[in-house]
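Participant: Quick one, structure for this:
(one chain, ligands or ions: 1)
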Amino acid sequence: MPFNENPIKIIATLGPASDSKSVLRKLIDAGVDVFRLNFSHGTHEEKGELVEKIRETDNYVGILADIQGPKIRVGKFKDDQAYILNVGQTVKIFENELEDGGDDTQFAIPLPGFLKSMKKDDYFYVNDGIIKIKVKSRERDHLVGEIIAGGLISNNKGVNIPSGDLEQKVPTEKDIKDLEFIADLNPEYVAISFVSSGDDVLTVKKLLENYGNNEIKLIAKIERPIALDNFDQILEVSDGIMIARGDLGVEISPDQVPIVQKQLIYKCNKEGKPVIVATQMLESMTNTPVPTRAEANDIFNAVIDGTDAVMLSAETAVGKYPINSVEYMNKIASTASQNAPLRHPDDYDSDRLTHTQTLGHAIHSLAKEMEELNFRGKILVITRRGYGARMISKFRPPLPIIAMTPFKRTARELHLIRGVQPIHIENIDFFQIDAESLIEESVKYGVETGNLDENEHVIILLVSRKFQRRGNLVGLYYVGEILSPEESKA
Ligand code: PEP
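Facilitator: Next up is the predicted model:
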């Protein structure tokens, strides 16, 4: 894979619009770094086949499995039709599924305890917050609700109940079954929906371990107000964060979403943990081939806020223009990253400084100096598990970062880290050769794969190998000199 100019990572959700090998290929060529499998839809068999297709298409793209969590949904509607609910009308909402299905006068939210949890004047929302319903009264077996904001309703549309005190346990029974399957499927990441505390994340971690997998990295989806209250403990035990604005933007007031986005991104960046901004980034492109100006601004601003990755949902899963969507996202994110102000690294030191992080900070300064002196160059981090790459990336140095790793898994995981171009280096014994030979081999491989060229400088970080003394090594080299030292001496 040649050097990717766009440092911002793109996640594309797969679905009927994108699950063929030819579309997968085009999506990767257009800039996708990670594919998201949404476990709210489809069967295990379908997901297994999809993973095979992905791996056959590209062996290094990352895979993120997103488990559904306690998503509340409306029941079925007559003849699977969609109905319009108009502002001002009333509807009856039952807790038990209706035998003939719902319509525009009544429907079900088949969730035990739903009725009891609601009282007069509470609100709830259907279909990503489009329909807003106010409870007028609670009867024996149903609620009477008034439509405050209208729209289309149909089978299984999502429901949000910010005011209800319903217990929403994570993971659900379905999630647990999915996790057993996912442990075997072995994607790089699992995204956990509707997390409310650090314990939810730890429970999922334990389950995966019990199912025999302790490698999968966990991304907590932030989509409930309680997750904002408990954000610090969630971040501490998670490997990354997704700002799931679809549900979050319904559960909290939409005017709060931008500031929450900025705050969460900053906290993730400080810890050097990947953060994803998700949902409605190019929503209009589900049906039209070009984005709105507001959508272009949204992606641009998420990049300026400091996100590692931006995500597409319906756009690539069921949309008419999956490839165009990725192309636009790539272009907008790339332009934004070229215009992002340079970070002051002092603002991004975490409270728990490690040697590697301190070197990441210093590498930012070195890269800035090189840029000012007009030295062409890149940063090369030689890493086993990717920690060194994250500790450099979090300071957003002004040079591209190449991460050379002996592990295929690390290379795939690093596809989620901003500015990092992962390379899997095979056929060298990473653990036996001395530091100097490792640097030489890595630089040569970087040149062979088109990621480094001989007329540039390279800042190298070699992380915590088993030297005589454990430690990290930083150096500044000229690539041509490493390739042919004798020639350059002459
Ligand atoms: C979201 O709510 O923004 C989200 C990403 O979750 P899902 O698409 O699973 O509803």
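Participant: who in the stretch 251-400 of the chain is up against the ligand?
Facilitator: Counting by CB under 6 Å from any ligand atom, the positions of the stretch 251-400 of the chain adjacent to the ligand are Ala278, Thr279, Ser313. For every residue, glycine as well, the C-beta is placed using N, CA and C.
Participant: need the contact list for Arg293.
Facilitator: By CB atoms under 8 Å, 6 or more residues apart in numbering, the contact list for Arg293 is empty.
Participant: Helix or strand: which one has the closest residue to the ligand within the chain?
Facilitator: Residue of the chain nearest the ligand, by CB to the nearest ligand atom: Gly246 (2.9 Å). Applying DSSP states H and E as the criterion places Gly246 in helix 245-251.
Participant: Output that helix as PDB, nothing but the C-alphas.
Facilitator: Extracted in PDB, the C-alpha atoms of helix 245-251 (Å, rounded to 0.1, in the frame of the first residue of the first chain):
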ATOM      1  CA  ARG A 245     -24.200  11.400  17.800                       C
ATOM      2  CA  GLY A 246     -27.300   9.700  16.400                       C
ATOM      3  CA  ASP A 247     -28.500   8.600  19.800                       C
ATOM      4  CA  LEU A 248     -26.600  11.100  21.800                       C
ATOM      5  CA  GLY A 249     -28.100  14.000  19.800                       C
ATOM      6  CA  VAL A 250     -31.600  12.700  20.900                       C
ATOM      7  CA  GLU A 251     -30.700  12.000  24.500                       C
END
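Participant: packing partners for it?
Facilitator: For helix 245-251, the elements it packs on are strand 158-160, helix 257-271, strand 275-278, judged by 3 or more CB pairs under 8 Å, 6 or more residues apart in numbering; DSSP states H and E.
Participant: In contact with the residue nearest to Tyr125 when sequence neighbours are not counted, which residues?
Facilitator: Nearest residue to Tyr125, sequence neighbours excluded (CB to CB, 6 or more residues apart in numbering): Asn160, at 4.5 Å. Taking CB under 8 Å, 6+ apart, we find Asn160 in contact with Ile72, Phe124, Tyr125, Gly129, Asp247, Val250, Glu251.
Participant: Is the nearest residue in space to Pro400 that is not next to it in sequence in a helix, a strand, or coil?
Facilitator: Distances taken as CB to CB, 6+ apart place Lys378 nearest to Pro400, at 5.0 Å, with adjacent residues excluded. Following DSSP: H, G, I helix; E, B strand; the rest coil, we place Lys378 in the strand state.
Participant: Okay, and the beta partners of Lys378?
Facilitator: Val458 (DSSP bridges).
Participant: Now do the same for it: its pLDDT.
Facilitator: pLDDT for Lys378: 96.
Participant: I figured His364 hits Asp347, correct?
Facilitator: No - using CB atoms under 8 Å, His364 is not in contact with Asp347; the gap is 11.1 Å.
Participant: contacting residues for the residue nearest to the residue of the chain closest to the ligand when sequence neighbours are not counted?
Facilitator: Spatially, and ignoring its direct neighbours in sequence, Gly246 is nearest to Thr279 (3.9 Å; CB to CB, 6+ apart). If you count contacts by CB under 8 Å, 6+ apart, Thr279 has them with Ala244, Arg245, Gly246, Gly249, Met311, Ser313.
Participant: If we use 7 Å, what do you get?
Facilitator: Contacts for Thr279 (CB atoms under 7 Å, 6 or more residues apart in numbering) come out as Ala244, Arg245, Gly246, Ser313.
Participant: With neighbour count added, can I get those in TSV?
Facilitator: TSV is the format used below for those (neighbours: other CB atoms under 10 Å):
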residue	neighbour count
Ala244	28
Arg245	25
Gly246	19
Ser313	24
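Participant: gap between the two ends of stretch 270-287?
Facilitator: 37 Å (CA to CA, to the nearest Å).
Participant: what sits opposite the residue nearest the centre of the chain in the beta ladder?
Facilitator: When CA atoms, centre = their mean is applied to the chain, the residue found nearest the centroid is Ile276 (3.9 Å). Using DSSP bridges, the beta-bridge partners of Ile276 come out as Met242, Ala309.
Participant: My guess is it contacts Ser313. True?
Facilitator: No - applying CB atoms under 7 Å, one finds Ile276 not in contact with Ser313, separated by 11.4 Å.
Participant: Now for those two: what residues contact both?
Facilitator: Counting by CB under 7 Å, 6+ apart, nothing touches both Ile276 and Ser313.
Participant: Show me the shaky parts of the stretch 51-200 of the chain.
Facilitator: Applying pLDDT under 70 to the stretch 51-200 of the chain picks out residues 163-165.
Participant: Which residues of it lie near the ligand?
Facilitator: Asp66, Ser193.
Participant: quick one: the strands in the stretch 51-200 of the chain?
Facilitator: Applying DSSP state E, counting those that start in this stretch to the stretch 51-200 of the chain gives strands spanning 62-67, 72-73, 83-85, 90-94, 106-108, 123-126, 131-138, 142-149, 151-153, 158-160, 189-192.
Participant: which residues does Val91 contact?
Facilitator: Contacts of Val91 by CB under 7 Å, 6+ apart are Leu85, Thr105, Gln106, Phe107, Gly145, Ile147.
Participant: So which of those residues wins on neighbours?
Facilitator: Greatest neighbour count in the contacts of Val91, by other CB atoms under 10 Å, goes to Phe107: 28 neighbours.
Participant: Count the neighbours of the nearest residue to it once chain neighbours are set aside for me.
Facilitator: Counting by CB to CB, 6+ apart, the nearest residue to Phe107 once its immediate chain neighbours are dropped is Val74, at 5.5 Å. Neighbour count of Val74, defined by other CB under 10 Å: 23.
Participant: can you give me the strands for the stretch 351-490 of the chain?
Facilitator: Applying DSSP E, counting those that start in this stretch to the stretch 351-490 of the chain gives strands spanning 377-382, 401-405, 420-424, 457-465, 471-478.
Participant: If you average pLDDT over each of those strands, which is lowest?
Facilitator: Across the strands of the stretch 351-490 of the chain, strand 457-465 gives the lowest mean pLDDT, at a mean of 86.
Participant: Out of the strands of the stretch 51-200 of the chain, which one sits most buried?
Facilitator: strand 189-192 (a mean of 26; mean count of other CB atoms under 10 Å).
Participant: Name the surrounding residues that touch that strand.
Facilitator: By CB under 7 Å, 6+ apart, strand 189-192 touches 62, 64-67, 69, 170, 182, 200-201, 204, 216-221, 242.
Participant: Isn't Glu440 up against Ile482?
Facilitator: Yes - the criterion here is CB under 7 Å, and Glu440 meets it with Ile482 at 5.7 Å.
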